[in-house]
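Chemist: Below are the sequence and a predicted model for it; my questions follow.
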Amino acid sequence: MGYLYGASVQGIQNFIFQTNELKDIVGASELVAQICTQLFRETVGAPYRDEALIIGAAGNVRYYFDDLETCAKTVRDFPRRVMIEAPGITISQAVVEMTGDFPDSINELEEKLRSQRNQPQPSLTLGALGMKRSNKTGLPLVASEGSGKCVDMTTAAKRRYIHALSLAKKSFYGTDSDKKVDADRYPYDIAKLTDRNDWIAIVHADGNSLGQIVQSIGGDMEQYRRFSQLLDEATERAANAAFEKLGVREGDSYPLRPVVLGGDDMTVIIRGSLAIAYAQEFIRQFEYHTGQGELGEIVHGATGLPYLTACAGVAFIKSSYPFHYGYKLAEELCSAAKKDAKSHVADGGSIPSCLMFHKVEDSYVESYADIVERVLMPTDALSFAFGPYYLAERTGYFTIDELLSYCDKLQKIDDEGVKSGLRQWLTHMHRSVDFASQHLDRMKSVYSGASSKLVTELCTAKCRQREETDDKGEPRMETVYPAFDVLSLYSIMNVVTKD
């Protein structure tokens, strides 16, 4: 008989993206990466066993204790250790005595954890009224840096981890690699991430079909533990391959800042012009590595699928735009991609890998659904939300390669009138579809060859079926155009050098 312990970290995104200071985001993400690994091991102490750790990544710990005393000590000490080391973060805990089968125990544990998340814990960062507070975080100033400048408790904790770089090594080269992250090349200032323009991107990717696999293998604790470990390794290898794809030259500044990498989750802040290529390579490599070796056998045995797939959301924002809202948009874009991908699954088939992106061009802070309604839908039946963009060919959609190919075609056309004409057409579509049609006809008559063909292809609609139905119960149809997305991405990838 033993005890199944679970802990879930809460408030990770708020903790990491509390300010737009990149050095604080660096320290916060490194600190978060330590919570479910090093901090948990240190809390358990000498009795800790690697083989008893079922999950230890992405803000989640699941661990099997042999004795009640060690389990009780961990329950008592771990939350305090986390909240002191990372003020602003809290954790939910639960314990289940394993008197029956593992599936029943793990399900009971997850149910208890869900209940615990609804019981908020007091914050250690509130402070009393009248205290001087940070103008960046709004938290009380309690700690002094070497220069004598005071910072709040949370910022001080993050800055203790600025030079850790363990998450960076895991994301760039892999945990077991002999290569080291060059601290002098690592971005601590947002200006190091930008290049030809001021655009950066937050990329968030998430695996598909995990619930199906967990339900299938949940009866075997050792296989469950092994799957979690192998999945974490596959996600790491996919990130390593995506980083290598960027072709960062020796001596150049690293153009990305990893934020989360664990389980089937990946989040990075990256130079805008590199974001789509990085996300594409990550989900491609995620498919490959989850289909190899022991992990591939587990996946195939549990689901009949050859490998796992993933979806990603890419939020393009100016470097001054609040990272917190950029991350939220990236998550929503990833969810929207998953929703569309799930609608294309045949019986027994995989959810296809794809990504969605959006370029934030105003100061509004709103959900992606609101953005679609306000910006991307000229009329109720017309839409510029052309994504998702799939890894493999899919009728009625562009692949990611096709999306990048259209950006390349725009780059090769010297006549700026083509680009400005397309932008005018988009504007006219919001005002008058008939006038936009006349404008398009004029463009086709003025341009010839590759220019005329490109204009035609970008302004040609595709019809897709919506989930909702009309008054007669028939599926609603939506007309979508690719021009908006292609022009948006082109403007990020091909803007001339900034002043």
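Modeler: Yes, it's here.
Chemist: which ones are touching Asn14?
Modeler: Residues in contact with Asn14, defined by Cβ atoms under 8 Å, 6 or more residues apart in numbering, are Gly88, His324. (Each C-beta comes from the backbone N, C-alpha and C, glycine too.)
Chemist: before we move on, what SS does it have?
Modeler: Under DSSP: H, G, I helix; E, B strand; the rest coil, Asn14 falls in the helix class.
Chemist: Run through the bridge partners of Pro140.
Modeler: Counting by DSSP bridges, Pro140 is bridged to Arg133.
Chemist: so how far is Phe17 from it?
Modeler: 20 Å (Cβ to Cβ, to the nearest Å).
Chemist: More neighbours: those two, which one.
Modeler: Phe17 (22 against 19; other Cβ atoms under 10 Å).
Chemist: Tell me what the most centrally placed residue in the chain is bridged to.
Modeler: Centroid-nearest residue in the chain: His204, 1.2 Å away (criterion: Cα atoms, centre = their mean). Applying DSSP bridges to His204 yields these beta-bridge partners: Thr267, Gly313.
Chemist: quick one: which helix or strand includes Ala156?
Modeler: Ala156 belongs to helix 153-159 when assigned by DSSP states H and E.
Chemist: What residues of whatever helix or strand comes next after that helix count as buried?
Modeler: Next helix or strand after helix 153-159 toward the C-terminus (DSSP H and E): helix 166-172. For helix 166-172, the buried set under the neighbour-count rule, 16 or more other Cβ atoms under 10 Å, comprises Leu167, Ala168, Lys169, Lys170, Ser171, Phe172.
Chemist: so the fifth one makes contact with Arg257?
Modeler: Okay, so that is Ser171. No: between Ser171 and Arg257 there is no contact, the gap being 9.1 Å when judged by Cβ atoms under 8 Å.
Chemist: overlap in contacts of the two?
Modeler: By Cβ under 8 Å, 6+ apart, the residues touching both Ser171 and Arg257 are Val268.
Chemist: in the stretch 301-450 of the chain, which spans are helices?
Modeler: Here the stretch 301-450 of the chain has its helices, by DSSP state H, counting those that start in this stretch, at 323-342, 368-375, 400-412, 416-431, 433-446, 449-458.
Chemist: just so I know, which of those lies nearest Val248?
Modeler: Among those, the nearest to Val248 by Cβ to Cβ is helix 400-412 (19.1 Å).
Chemist: got the buried residues for that closest one?
Modeler: Of the residues in helix 400-412, those buried (16+ other Cβ under 10 Å) are Ile400, Glu402, Leu403, Leu404, Tyr406, Cys407, Lys409, Leu410.
Chemist: Could you do stretch 173-191 as well?
Modeler: Tyr173, Gly174, Val181, Tyr186, Pro187, Tyr188, Ile190.
Chemist: And the contacts of that stretch?
Modeler: Outside stretch 173-191, the residues touching it (Cβ under 8 Å, 6+ apart) are 20, 22-23, 26, 162-163, 165, 168-169, 172, 193, 200, 236-237, 240, 243, 251-257, 319.
Chemist: Go again with 7 Å.
Modeler: 22-23, 26, 163, 165, 168-169, 172, 193, 236-237, 240, 252-254, 257, 319 (Cβ atoms under 7 Å, 6 or more residues apart in numbering).
Chemist: taking the residues you listed one by one, which sit in strands?
Modeler: Counting by DSSP state E, the part of the contacts of stretch 173-191 found in strands is Arg257.
Chemist: Chain neighbours aside, what residue packs nearest to Phe398?
Modeler: Distances taken as Cβ to Cβ, 6 or more residues apart in numbering put Tyr389 closest to Phe398, at 5.4 Å, once the chain neighbours are dropped.
Chemist: right, and the one you found touches Thr399 too?
Modeler: Yes: with contacts counted by Cβ atoms under 7 Å, Tyr389 reaches Thr399, the gap being 6.5 Å.
Chemist: Look at these two and report which has more neighbours.
Modeler: Tyr389 (27 against 16).
Chemist: Tell me the confidence at that one?
Modeler: Confidence at Tyr389, expressed as pLDDT, is 97.
Chemist: which residues does Lys462 contact?
Modeler: Gly396, Val480.
Chemist: Dig out what it forms beta bridges with.
Modeler: Val480.
Chemist: For it, give me the pLDDT.
Modeler: 89.
Chemist: Identify the residue nearest Thr37 in space, chain neighbours excluded?
Modeler: Gly56 is the one closest to Thr37 (Cβ to Cβ, 6+ apart), at 5.7 Å.
Chemist: before we move on, what about Lys158?
Modeler: Gly27 (3.5 Å).
Chemist: cool, and Tyr5?
Modeler: Tyr63 (4.7 Å).
Chemist: is it fair to say that neighbour lies in a helix?
Modeler: No: going by three-state DSSP, the assignment for Tyr63 is strand, not a helix.
Chemist: Quick one: neighbours of it, just the number.
Modeler: 23.
Chemist: quick one: contacts for it?
Modeler: Contacts of Tyr63 (Cβ under 7 Å, 6+ apart): Tyr5, Ala52, Leu53, Ile54.
Chemist: for this structure, which spans come out with low pLDDT?
Modeler: Counting by pLDDT under 70, the chain contains low-confidence residues at 120-130, 135-138, 143-148, 218, 466-475, 495-499.
Chemist: And for it, the residue most distant from the center?
Modeler: The chain, farthest from centre, Cα atoms, centre = their mean: Ser445 at 43.4 Å.
Chemist: Distance check, it against Leu4.
Modeler: Counting by Cβ to Cβ, the gap from Ser445 to Leu4 is 71 Å.
Chemist: Can you give me the distance of Glu69 to Tyr3?
Modeler: Applying Cβ to Cβ to Glu69 and Tyr3 gives a distance of 10 Å.
Chemist: the more surrounded of those two?
Modeler: Between Glu69 and Tyr3, counted using other Cβ under 10 Å, the more crowded position is Tyr3 (21 against 10).
Chemist: Show me what the strand or helix carrying the more buried one is in contact with.
Modeler: For Tyr3, the host element (DSSP H and E) is strand 2-10. Contact with strand 2-10 is made by 35, 59-66, 68, 71, 74, 78, 89-98, 105-106, 109, 113, 117, as judged by Cβ under 7 Å, 6+ apart.
Chemist: partners of that strand, with directions?
Modeler: For strand 2-10, pairing defined by DSSP bridges yields strand 60-65 (antiparallel), strand 90-98 (antiparallel).
Chemist: Could I have the CA atoms of that strand written out in CSV?
Modeler: What follows is strand 2-10, C-alpha atoms only, in CSV (Å, rounded to 0.1, in the frame of the first residue of the first chain):
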residue,chain,number,x,y,z
GLY,A,2,1.2,3.5,-0.8
TYR,A,3,0.1,7.1,-1.4
LEU,A,4,-0.4,8.9,-4.6
TYR,A,5,0.5,12.6,-4.3
GLY,A,6,-0.4,15.3,-6.7
ALA,A,7,0.5,19.0,-6.9
SER,A,8,-0.6,21.6,-9.6
VAL,A,9,1.1,25.0,-9.8
GLN,A,10,-1.3,27.9,-10.2
